[in-house]
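Undergrad: Sequence and predicted structure, then a few things I'm wondering about:
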Amino acid sequence: MLTDTKLKALRPRGKLYRVTDGNGLCVEIATSGSRLWRFRYLHNAKARMLSLGEWPSVSLAQARARRDEARALVAQGIDPSAQRKAAK
């Protein structure tokens, strides 16, 4: 389970890596040091990934809320990525 303190302590490595929070939410740390919130889910038996924003612009609480919204869509059989693209 991630905390704000743990997020601040994450440092870039030689390549991109992920740290999970739970229920599909993870933060990707790029070699540049940027931290992106991502939601991993299955749709039609395929692994998918949805971007939820960049930390610290999107806080841990906001990322968890966005993950919960996306999980609700997946539970209804809706692909959150496809819905986002259709809304644009």
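TA: That came in fine, so what should we check first?

Undergrad: ok, which stretches of the protein are strands?
TA: If DSSP state E is used as the criterion, the strands of the chain fall at 17-22, 25-29, 35-43, 46-55.

Undergrad: What angle do strand 35-43 and the last one make with each other?
TA: Right, strand 46-55. 160 degrees (axes from the mean of the first three to the mean of the last three Cα atoms, to 10 degrees).

Undergrad: what's the answer for the first one, then?
TA: Following the same axes, to 10 degrees, one obtains 60 degrees for the angle between strand 17-22 and strand 35-43.

Undergrad: buried stuff in strand 17-22?
TA: Asp21 (16 or more other Cβ atoms under 10 Å). (Each C-beta comes from the backbone N, C-alpha and C, glycine too.)

Undergrad: Looking at that strand now, give me its mean pLDDT.
TA: Mean pLDDT, strand 17-22: 95.

Undergrad: Run me through the strand neighbours of it, direction for each.
TA: For strand 17-22, the paired strands and their directions (DSSP bridges) read strand 25-29 (antiparallel).
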